[in-house]
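Chemist: requesting a structural model of the entry that follows:
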Amino acid sequence: MDELNSAIGVVLACGLPQPIEDMLTEIQHELFDLGGELCIPGSELVHEADITRLEARLDGLNEDLPPLKDFILPGGGMAAAQCHLARTIARRAERETVTLSHHDAVRPDTIRYLNRVSDLLFVIARAGPFCRAWRSAVEARAPQARLIAADRTAMILTHPACLLHYPGPGHPESPDRLQAVLRALDAPVFANIARVEAPLVERALIDRVHPGVEYAQIFAHAPHVQTLRLDSDTVMHPAADSLEAALRGAGAVVAAVDAALDGRTRRAFCAVRPPGHHATPARAMGFCVFNNIALGARRALDRGLERVAVLDFDVHHGNGTQDCFEREPRVLFASSHQWPLYPGSGGLDETGVGNVFNGHLPAGSGPREFRAVWSEQLLPAVERFRPQLILVSAGFDAHRLDPLGGLDVETADYAWLTREIVALADRHAAGRVVSTLEGGYSLTALAEAGAAHVRALFGLAD
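Modeler: Numbering: from 1, shown residues only. Below is the predicted model of the structure:
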């Protein structure tokens, strides 16, 4: 109950309209009572009237909402993400209370109350710019906010489950990374961009890209243990939540590819974690569980594309992506990365079947070297390939502020490269670009460079 109360407190800190704040504050007080009820089985601190009141609120908020199939949240941003996170905690509390009820005299009303709190948080997250109580506040903050039409050209995919993956205190791949990106994407310049909830990726697709025995063990063990250590750097904790985060991260990229090929978007950014480009066909590694970008490329091939380009500008070489496609001539892989550096792959002699291009950046390289390796080596190779779809592994740890890299790339360089990629896509790929978050461990640089990348990707003004 304390955890759920704290999560609702974070929602309140997002600056919601007063009627919503008042309602959630009242629920916080009721949750204190609910905690007392669980400590004193048989007490009656939560009543039928409390549940009836919640249900009335649900009905009122639902009144103005579109159908669930049209669940898109322009301008929903951080408040919606935090509501989803609180809802996940509410559902966990509900499950634990059900378990407790098998042994103690916990009244059914307690479980029903938690269930309705969970529903309410979900409806508030969906409501965003739609419901009457929020509409004036959203319009005051971003008057141009609106639903993008069915032929929209840009979308951002994310899911609050991606915030639940917690590798441990002090681990650089923390939930704060995604929070920083989501806050940056809450800026008014992004208000017109459709927000789409990332689905779970299909297990069958994972099995094709990751046939290694280790992956079967992840699915077998993660739902039943608290912590699952995959290597010295890669930890799933809480393991079940980390598994959902990884499935949503991969699902975002696959869904974005489907949307691009179906003509529902031209460009998409997947604000997800954990990252993916180090995950090989055989094993998870380097903070990565599933290879999100490789799963997206495989989906594109399955749908009949003959030329898919994967571009990776993370400071670390995307060894997993290269391993997935180095013998697949329909996929071109181009990577700039610091050399030498973890994971030690990405040598100039690693060329696959003529479809792998690695560009080296010695420690201390900055804007001039970064732009040169792309403009003189990598982008010309992509141009010759004439891709029908471009996928981008967008890591921002080559930034000069990043604590894990040794390069001096600036925010403007990411914007420049993104514009070059978009122009190339316009020439060969009907403008179709799907980008997904990889590394980046300075929160300042991640927010700044990530926002610059997405602005350039969607053709928005600086």
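
Chemist: could I get the average pLDDT for the helix or strand hosting Tyr215?
Modeler: Taking DSSP states H and E as the criterion, Tyr215 maps to helix 213-221. Mean pLDDT, helix 213-221: 96.

Chemist: what are the buried residues along that helix?
Modeler: If you call a residue buried by 16 or more other C-beta atoms under 10 Å, then helix 213-221 has these buried ones: 215, 218. Placement of C-beta: from N, CA and C, glycine included.

Chemist: packing partners of the next helix or strand after that helix?
Modeler: The helix or strand immediately downstream of helix 213-221 is strand 228-229, counting by DSSP H and E. The contact analysis (3 or more C-beta pairs under 8 Å, 6 or more residues apart in numbering; DSSP states H and E) places strand 228-229 against strand 235-236.

Chemist: show me what the helix holding Tyr215 is packed against.
Modeler: helix 203-209, helix 239-262.

Chemist: which of those helices is buried the deepest?
Modeler: Highest mean neighbour count among the helices and strands packed on helix 213-221 (mean count of other C-beta atoms under 10 Å): helix 239-262, with a mean of 24.

Chemist: show me what the helix or strand that it is followed by is in contact with.
Modeler: As assigned by DSSP H and E, the chain's next helix or strand after helix 239-262 is strand 267-270. Strand 267-270 has contacts (C-beta atoms under 8 Å, 6 or more residues apart in numbering) with 153-158, 198, 249, 252-253, 256, 259-260, 292, 394, 422, 431-437, 453-454, 457-458.

Chemist: then stretch 337-347?
Modeler: Contacts for stretch 337-347 (C-beta under 8 Å, 6+ apart): 278, 285-286, 312, 314-319, 322, 335, 358-363, 365, 398, 405-407.

Chemist: quick one, strands of the protein?
Modeler: Counting by DSSP state E, the chain has strands at residues 154-158, 194-197, 228-229, 235-236, 267-270, 308-312, 331-338, 356-361, 389-394, 433-437.

Chemist: what subset of the contacts of strand 267-270 is buried?
Modeler: 153-158, 198, 249, 252-253, 256, 259-260, 292, 394, 422, 431-437, 453-454, 457-458.

Chemist: next, find the distance separating Phe290 from Arg203.
Modeler: In this view, Phe290 and Arg203 are 11 Å apart by C-beta to C-beta, to the nearest Å.

Chemist: same check on Cys270?
Modeler: Counting by C-beta to C-beta - Cys270 and Arg203 are separated by 19 Å.

Chemist: same check on Ala187?
Modeler: 36 Å.

Chemist: Ala245 too?
Modeler: From Ala245 to Arg203 the distance is 16 Å (C-beta to C-beta).

Chemist: got it, and Val315?
Modeler: From Val315 to Arg203 the distance is 32 Å (C-beta to C-beta).

Chemist: Ser174 too?
Modeler: In this view, Ser174 and Arg203 are 27 Å apart by C-beta to C-beta.

Chemist: do Val454 as well
Modeler: 30 Å.

Chemist: would you reformat the helices and strands packed on helix 213-221 as TSV and include distance to Glu448?
Modeler: Shown next, in TSV, are the helices and strands packed on helix 213-221 (distance: least, C-beta to C-beta, whole Å):
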stretch	distance to Glu448
helix 203-209	32
helix 239-262	22
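
Chemist: okay if I get those helices as TSV plus mean pLDDT and distance to Ala216?
Modeler: Listed next are those as TSV, based on pLDDT from 0 to 100; distance: least, C-beta to C-beta, whole Å:
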stretch	mean pLDDT	distance to Ala216
helix 203-209	97	8
helix 239-262	97	13
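
Chemist: compare the ones you listed and give me the one nearest Leu228.
Modeler: helix 239-262 (4.3 Å; C-beta to C-beta).

Chemist: apart from its chain neighbours, what residue comes closest to Tyr441?
Modeler: Pro172 (4.5 Å; C-beta to C-beta, 6 or more residues apart in numbering).

Chemist: list the residues that contact the closest residue in space to Val272 that isn't next to it in sequence.
Modeler: With C-beta to C-beta, 6+ apart as the measure, Gly249 is the residue that lies nearest to Val272, at 3.7 Å, once sequence neighbours are left out. By C-beta under 8 Å, 6+ apart, Gly249 lies in contact with 162, 198, 270, 272-276, 290, 292, 436.

Chemist: state the pair within the residues you listed that is farthest apart.
Modeler: Ala198 and Pro275 (14.4 Å).

Chemist: so where is the stretch 101-250 of the chain shaky, pLDDT-wise?
Modeler: Applying pLDDT under 70 to the stretch 101-250 of the chain picks out residues 101-113, 115-116, 118-120, 122-152.

Chemist: which pLDDT value goes with the residue nearest to Ala154 when sequence neighbours are not counted?
Modeler: Nearest non-adjacent residue to Ala154, counting by C-beta to C-beta, 6+ apart: Phe458, 4.4 Å away. pLDDT for Phe458: 97.

Chemist: what's the closest of the helices and strands packed on helix 213-221 to Gln226?
Modeler: Among the helices and strands packed on helix 213-221, helix 239-262 sits nearest to Gln226 (C-beta to C-beta), with 6.3 Å.

Chemist: what angle sits between that closest one and strand 433-437?
Modeler: 170 degrees (axes from the mean of the first three to the mean of the last three C-alpha atoms, to 10 degrees).

Chemist: so what's the gap between helix 239-262 and the chain middle?
Modeler: 8 Å (C-alpha atoms, centre = their mean, to the nearest Å).

Chemist: only C-alpha atoms, please: export stretch 196-203 in CSV.
Modeler: These are the backbone C-alpha positions of stretch 196-203, laid out as CSV (Å, rounded to 0.1, in the frame of the first residue of the first chain):
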residue,chain,number,x,y,z
VAL,A,196,1.0,4.7,-29.0
GLU,A,197,1.2,2.1,-26.3
ALA,A,198,3.8,-0.6,-27.2
PRO,A,199,2.4,-4.1,-27.4
LEU,A,200,4.1,-7.3,-26.4
VAL,A,201,6.2,-8.9,-29.1
GLU,A,202,5.2,-12.3,-30.2
ARG,A,203,7.2,-15.2,-28.7
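
Chemist: fine by me, thanks again.
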